[in-house]
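Colleague: Take this sequence and fold it.
(one chain, ligands or ions: 1)
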Amino acid sequence: MILVDVHCHLDHEYFKDKLDEVLKRAKEAGIRAIITQGVNHESNEKLLELAKKDPIIKPAMGLYPLDPPNVKLSTEDPFMSRSKVSVDKTLAFIEKNKNNIIAIGEVGMDFKFSDDEEPQAENFKKIIDLARKIKKPLIIHSRKAEKSVIDLLEDAKFFNADMHCFSGKKSQLKRGADLGLFFSIPTNVTRSDQFQSNVSHLPMANILTETDAPWLSPYPGKMNEPAFIKEAVEKIAEIKKLTAEEAANQIFQNYQKLFL
Ligand SMILES: [Zn+2]
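Modeller: Now for the predicted structure:
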(Lines give C-alpha, C1' and ligand atoms only; values in the text may rest on other atoms or scores of the structure.)
Protein backbone atom coordinates (compact mmCIF):
# COMPACT_ATOMS: atom_id res chain seq x y z
CA MET A 1 0.00 0.00 0.00
CA ILE A 2 1.07 3.57 -0.72
CA LEU A 3 0.52 5.67 2.41
CA VAL A 4 1.04 9.29 3.44
CA ASP A 5 1.19 11.09 6.78
CA VAL A 6 0.37 14.75 6.12
CA HIS A 7 0.66 15.99 9.70
CA CYS A 8 3.31 14.84 12.10
CA HIS A 9 5.79 16.33 14.59
CA LEU A 10 9.01 14.44 13.93
CA ASP A 11 10.99 17.17 15.69
CA HIS A 12 9.33 16.20 18.98
CA GLU A 13 11.72 15.04 21.68
CA TYR A 14 10.05 11.65 21.69
CA PHE A 15 11.57 10.87 18.27
CA LYS A 16 15.02 12.16 19.08
CA ASP A 17 16.78 8.87 19.72
CA LYS A 18 14.47 6.66 17.66
CA LEU A 19 14.06 8.47 14.36
CA ASP A 20 15.93 5.85 12.35
CA GLU A 21 13.74 2.98 13.56
CA VAL A 22 10.58 5.08 13.17
CA LEU A 23 11.46 5.91 9.55
CA LYS A 24 12.34 2.29 8.87
CA ARG A 25 8.98 1.08 10.19
CA ALA A 26 7.20 3.82 8.21
CA LYS A 27 8.84 2.69 4.96
CA GLU A 28 8.05 -0.95 5.69
CA ALA A 29 4.39 0.01 6.17
CA GLY A 30 4.38 1.76 2.76
CA ILE A 31 4.68 5.42 3.82
CA ARG A 32 5.93 7.63 0.95
CA ALA A 33 5.82 11.03 2.62
CA ILE A 34 5.78 12.39 6.16
CA ILE A 35 4.90 16.05 6.35
CA THR A 36 6.47 17.32 9.53
CA GLN A 37 5.17 20.58 10.95
CA GLY A 38 6.94 23.64 12.22
CA VAL A 39 5.00 25.44 14.94
CA ASN A 40 6.94 28.71 15.27
CA HIS A 41 10.16 30.38 14.13
CA GLU A 42 12.33 28.48 16.56
CA SER A 43 10.93 25.14 15.39
CA ASN A 44 10.88 26.15 11.67
CA GLU A 45 14.59 26.87 11.84
CA LYS A 46 15.37 23.33 12.98
CA LEU A 47 13.27 21.59 10.33
CA LEU A 48 15.65 21.91 7.42
CA GLU A 49 18.33 19.94 9.24
CA LEU A 50 15.80 17.25 10.07
CA ALA A 51 14.60 17.05 6.46
CA LYS A 52 18.16 16.39 5.30
CA LYS A 53 18.08 13.08 7.17
CA ASP A 54 15.79 11.40 4.67
CA PRO A 55 13.84 12.50 1.56
CA ILE A 56 10.69 10.89 2.99
CA ILE A 57 10.56 13.83 5.46
CA LYS A 58 8.76 16.77 3.85
CA PRO A 59 8.99 19.93 5.94
CA ALA A 60 6.14 22.40 6.39
CA MET A 61 6.89 25.63 8.21
CA GLY A 62 4.21 27.27 10.26
CA LEU A 63 3.08 29.27 13.23
CA TYR A 64 0.83 27.55 15.76
CA PRO A 65 -2.00 30.00 16.58
CA LEU A 66 -1.16 30.13 20.30
CA ASP A 67 2.58 30.67 19.89
CA PRO A 68 3.11 34.24 18.59
CA PRO A 69 3.86 36.98 21.13
CA ASN A 70 0.85 39.08 20.04
CA VAL A 71 -1.74 36.45 21.13
CA LYS A 72 -2.91 36.37 24.75
CA LEU A 73 -3.77 33.01 26.28
CA SER A 74 -6.68 32.35 28.61
CA THR A 75 -5.52 28.92 29.80
CA GLU A 76 -2.18 27.24 29.73
CA ASP A 77 -1.94 24.68 26.93
CA PRO A 78 0.58 22.07 28.06
CA PHE A 79 1.72 21.49 24.46
CA MET A 80 2.33 25.00 23.32
CA SER A 81 5.72 26.63 23.11
CA ARG A 82 5.48 30.42 23.04
CA SER A 83 7.70 32.07 20.44
CA LYS A 84 9.78 35.16 21.03
CA VAL A 85 9.79 36.03 17.33
CA SER A 86 7.21 38.36 15.75
CA VAL A 87 4.67 37.12 13.23
CA ASP A 88 6.17 39.22 10.43
CA LYS A 89 9.66 37.91 11.02
CA THR A 90 8.36 34.34 11.22
CA LEU A 91 6.51 34.71 7.92
CA ALA A 92 9.49 36.36 6.22
CA PHE A 93 11.61 33.34 7.12
CA ILE A 94 8.96 30.97 5.72
CA GLU A 95 8.89 32.98 2.49
CA LYS A 96 12.66 32.86 2.23
CA ASN A 97 12.45 29.07 2.50
CA LYS A 98 9.59 28.59 0.05
CA ASN A 99 11.64 26.24 -2.13
CA ASN A 100 12.50 24.03 0.83
CA ILE A 101 8.97 23.40 2.09
CA ILE A 102 5.96 21.44 0.86
CA ALA A 103 3.33 23.49 2.73
CA ILE A 104 2.69 26.15 5.36
CA GLY A 105 1.66 24.48 8.62
CA GLU A 106 0.80 24.17 11.38
CA VAL A 107 -1.25 27.37 11.31
CA GLY A 108 -4.80 28.43 12.06
CA MET A 109 -6.84 29.60 15.03
CA ASP A 110 -7.52 28.14 18.48
CA PHE A 111 -10.26 29.50 20.75
CA LYS A 112 -9.95 26.76 23.34
CA PHE A 113 -6.87 28.19 24.99
CA SER A 114 -7.25 31.81 23.88
CA ASP A 115 -10.29 34.02 23.42
CA ASP A 116 -8.03 36.67 21.89
CA GLU A 117 -9.74 36.29 18.53
CA GLU A 118 -8.72 39.48 16.75
CA PRO A 119 -4.94 39.05 16.69
CA GLN A 120 -5.38 35.39 15.82
CA ALA A 121 -7.56 36.33 12.85
CA GLU A 122 -5.09 39.02 11.77
CA ASN A 123 -2.21 36.56 11.93
CA PHE A 124 -4.16 33.94 10.02
CA LYS A 125 -5.08 36.42 7.27
CA LYS A 126 -1.39 37.27 6.82
CA ILE A 127 -0.65 33.55 6.58
CA ILE A 128 -3.32 33.02 3.91
CA ASP A 129 -1.83 35.92 1.92
CA LEU A 130 1.62 34.36 2.18
CA ALA A 131 0.30 30.96 1.04
CA ARG A 132 -1.20 32.57 -2.04
CA LYS A 133 1.99 34.52 -2.73
CA ILE A 134 4.36 31.56 -2.49
CA LYS A 135 1.83 29.06 -3.90
CA LYS A 136 1.83 26.62 -1.00
CA PRO A 137 -1.10 24.81 0.61
CA LEU A 138 -2.01 25.37 4.25
CA ILE A 139 -2.23 22.75 7.00
CA ILE A 140 -4.75 24.14 9.45
CA HIS A 141 -5.46 23.73 13.15
CA SER A 142 -8.96 25.00 14.00
CA ARG A 143 -9.81 23.87 17.53
CA LYS A 144 -13.08 25.53 18.64
CA ALA A 145 -12.53 27.98 15.78
CA GLU A 146 -13.76 25.92 12.84
CA LYS A 147 -16.37 28.39 11.63
CA SER A 148 -14.05 31.40 11.92
CA VAL A 149 -11.29 29.59 10.03
CA ILE A 150 -13.59 28.61 7.16
CA ASP A 151 -15.06 32.14 7.12
CA LEU A 152 -11.60 33.63 6.63
CA LEU A 153 -10.69 31.11 3.92
CA GLU A 154 -13.94 31.89 2.15
CA ASP A 155 -13.38 35.67 2.44
CA ALA A 156 -9.93 35.19 0.92
CA LYS A 157 -11.23 32.64 -1.64
CA PHE A 158 -8.34 30.40 -0.69
CA PHE A 159 -9.17 26.71 -0.50
CA ASN A 160 -5.82 25.05 -1.05
CA ALA A 161 -5.81 23.67 2.45
CA ASP A 162 -5.94 20.66 4.70
CA MET A 163 -8.02 20.84 7.88
CA HIS A 164 -6.09 18.82 10.43
CA CYS A 165 -7.96 16.92 13.18
CA PHE A 166 -11.20 18.70 12.34
CA SER A 167 -13.56 18.52 15.31
CA GLY A 168 -16.21 21.00 14.21
CA LYS A 169 -19.88 20.49 13.56
CA LYS A 170 -21.20 18.42 10.69
CA SER A 171 -22.52 21.58 9.02
CA GLN A 172 -19.02 23.12 8.99
CA LEU A 173 -17.50 19.85 7.78
CA LYS A 174 -19.91 19.77 4.87
CA ARG A 175 -19.35 23.46 4.15
CA GLY A 176 -15.58 22.91 4.07
CA ALA A 177 -15.86 19.89 1.79
CA ASP A 178 -18.13 21.80 -0.59
CA LEU A 179 -15.50 24.54 -0.77
CA GLY A 180 -12.91 21.94 -1.78
CA LEU A 181 -10.97 21.75 1.49
CA PHE A 182 -9.23 18.52 2.44
CA PHE A 183 -9.60 16.92 5.86
CA SER A 184 -6.80 14.78 7.28
CA ILE A 185 -8.15 11.97 9.40
CA PRO A 186 -5.92 11.10 12.35
CA THR A 187 -4.88 7.59 13.31
CA ASN A 188 -7.12 7.55 16.39
CA VAL A 189 -10.06 7.30 13.97
CA THR A 190 -9.89 3.64 14.98
CA ARG A 191 -11.50 4.61 18.30
CA SER A 192 -12.92 8.13 17.86
CA ASP A 193 -16.61 8.67 17.06
CA GLN A 194 -15.91 12.21 15.87
CA PHE A 195 -13.40 11.13 13.23
CA GLN A 196 -15.42 8.08 12.17
CA SER A 197 -18.37 10.40 11.65
CA ASN A 198 -16.16 12.82 9.67
CA VAL A 199 -15.14 9.95 7.38
CA SER A 200 -18.70 8.83 6.80
CA HIS A 201 -19.80 12.38 5.90
CA LEU A 202 -16.85 13.31 3.67
CA PRO A 203 -16.42 12.30 0.03
CA MET A 204 -13.29 10.15 -0.49
CA ALA A 205 -11.96 12.96 -2.72
CA ASN A 206 -11.57 15.22 0.35
CA ILE A 207 -9.87 12.75 2.68
CA LEU A 208 -6.20 12.65 3.71
CA THR A 209 -4.46 10.79 6.54
CA GLU A 210 -2.30 12.03 9.41
CA THR A 211 -0.85 10.83 12.68
CA ASP A 212 -0.21 14.11 14.56
CA ALA A 213 2.49 11.89 16.07
CA PRO A 214 3.64 11.52 18.74
CA TRP A 215 0.01 12.24 19.73
CA LEU A 216 -3.32 10.61 18.75
CA SER A 217 -2.12 7.03 18.66
CA PRO A 218 -4.56 4.34 17.56
CA TYR A 219 -3.29 2.36 20.57
CA PRO A 220 -4.24 3.68 24.01
CA GLY A 221 -1.17 4.28 26.17
CA LYS A 222 1.23 4.01 23.24
CA MET A 223 2.93 6.89 21.45
CA ASN A 224 2.05 7.42 17.80
CA GLU A 225 4.27 7.14 14.71
CA PRO A 226 3.83 7.36 10.92
CA ALA A 227 3.70 3.57 10.38
CA PHE A 228 0.30 3.56 12.14
CA ILE A 229 -1.29 5.37 9.17
CA LYS A 230 -2.06 1.85 7.97
CA GLU A 231 -4.57 1.44 10.81
CA ALA A 232 -6.32 4.68 9.83
CA VAL A 233 -6.55 3.63 6.19
CA GLU A 234 -8.04 0.28 7.16
CA LYS A 235 -10.69 2.02 9.28
CA ILE A 236 -11.48 4.54 6.52
CA ALA A 237 -11.78 1.67 4.02
CA GLU A 238 -14.16 -0.18 6.34
CA ILE A 239 -16.41 2.89 6.75
CA LYS A 240 -16.36 3.64 3.02
CA LYS A 241 -16.82 -0.03 2.05
CA LEU A 242 -13.63 -0.06 -0.01
CA THR A 243 -10.59 -2.28 0.10
CA ALA A 244 -7.68 -0.77 2.04
CA GLU A 245 -5.77 -0.64 -1.25
CA GLU A 246 -8.53 1.40 -2.93
CA ALA A 247 -8.76 3.82 -0.01
CA ALA A 248 -4.97 4.22 0.11
CA ASN A 249 -4.76 4.92 -3.63
CA GLN A 250 -7.46 7.59 -3.48
CA ILE A 251 -5.77 9.23 -0.47
CA PHE A 252 -2.43 9.22 -2.28
CA GLN A 253 -4.07 10.91 -5.28
CA ASN A 254 -5.54 13.52 -2.93
CA TYR A 255 -2.09 14.09 -1.45
CA GLN A 256 -0.62 14.63 -4.91
CA LYS A 257 -3.42 17.01 -5.82
CA LEU A 258 -2.98 19.23 -2.76
CA PHE A 259 0.76 19.11 -2.16
CA LEU A 260 2.59 18.31 -5.43
ZN1 LIG B 1 -0.02 19.04 15.09
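Colleague: Would you pull up how far stretch 198-207 lies from the middle of the chain?
Modeller: For stretch 198-207, the separation from the chain centroid amounts to 16 Å (computed by Cα atoms, centre = their mean, to the nearest Å).
Colleague: So what would you say the end-to-end distance of it is?
Modeller: Stretch 198-207 has an end-to-end distance of 9 Å (criterion: Cα to Cα, to the nearest Å).
Colleague: Would you mark the buried spots in it?
Modeller: For stretch 198-207, burial by neighbour count (16 or more other Cβ atoms under 10 Å) applies to 198-199, 202, 204, 206-207. For glycine as for every other residue, the C-beta is placed from the backbone atoms N, C-alpha and C.
Colleague: Widest-spaced pair of these?
Modeller: Greatest spatial distance among those (Cβ to Cβ): N198 and M204, at 12.4 Å.
Colleague: Now for the residue lying closest to D5 once chain neighbours are set aside: which residues touch it?
Modeller: Once flanking residues are discounted, D5 sits nearest to P226: 4.3 Å by Cβ to Cβ, 6 or more residues apart in numbering. Applying Cβ atoms under 8 Å, 6 or more residues apart in numbering, one finds that P226 lies in contact with 5, 8, 22-23, 25-26, 29, 31, 34, 211, 213.
Colleague: Same question for G38.
Modeller: G38 sits next to 11, 44, 46-47, 59-63, 105-106 when contact means Cβ under 8 Å, 6+ apart.
Colleague: Look up how far the ion lies from it.
Modeller: From G38 across to the ion, the span is 10 Å (Cβ to the ion, to the nearest Å).
Colleague: which stretches of the protein have low pLDDT?
Modeller: 77-80 (pLDDT under 70).
Colleague: let's see it at 90
Modeller: 74-82 (pLDDT under 90).
Colleague: And the next helix or strand past the helix of greatest length in it?
Modeller: What stands out as the longest helix in the chain, according to DSSP state H, is helix 117-134. Sequence-wise, the next helix or strand downstream of helix 117-134 (DSSP states H and E) is strand 138-141.
Colleague: neighbouring strands for that following strand, and are they parallel or not?
Modeller: strand 103-108 (parallel), strand 161-164 (parallel) (DSSP bridges).
Colleague: Go through the ones you listed and pick out the most buried.
Modeller: strand 103-108 (a mean of 28; mean count of other Cβ atoms under 10 Å).
Colleague: just the angle between that one and helix 117-134, please?
Modeller: For strand 103-108 against helix 117-134, the angle by axes from the mean of the first three to the mean of the last three Cα atoms, to 10 degrees is 170 degrees.
Colleague: ok, and what's touching strand 103-108?
Modeller: In this structure, residues lying in contact with strand 103-108 by Cβ under 8 Å, 6+ apart are 7, 35, 37-39, 58, 60-65, 94, 124, 127, 130-131, 134, 136-142, 145, 149, 162, 164, 259.
Colleague: how about 6 Å then?
Modeller: 37, 39, 60, 62-65, 127, 131, 136-142, 149 (Cβ atoms under 6 Å, 6 or more residues apart in numbering).
Colleague: Filter the buried residues of stretch 198-207 down to just the ones in helices.
Modeller: The helices, defined by DSSP H, take in 198-199 from these.
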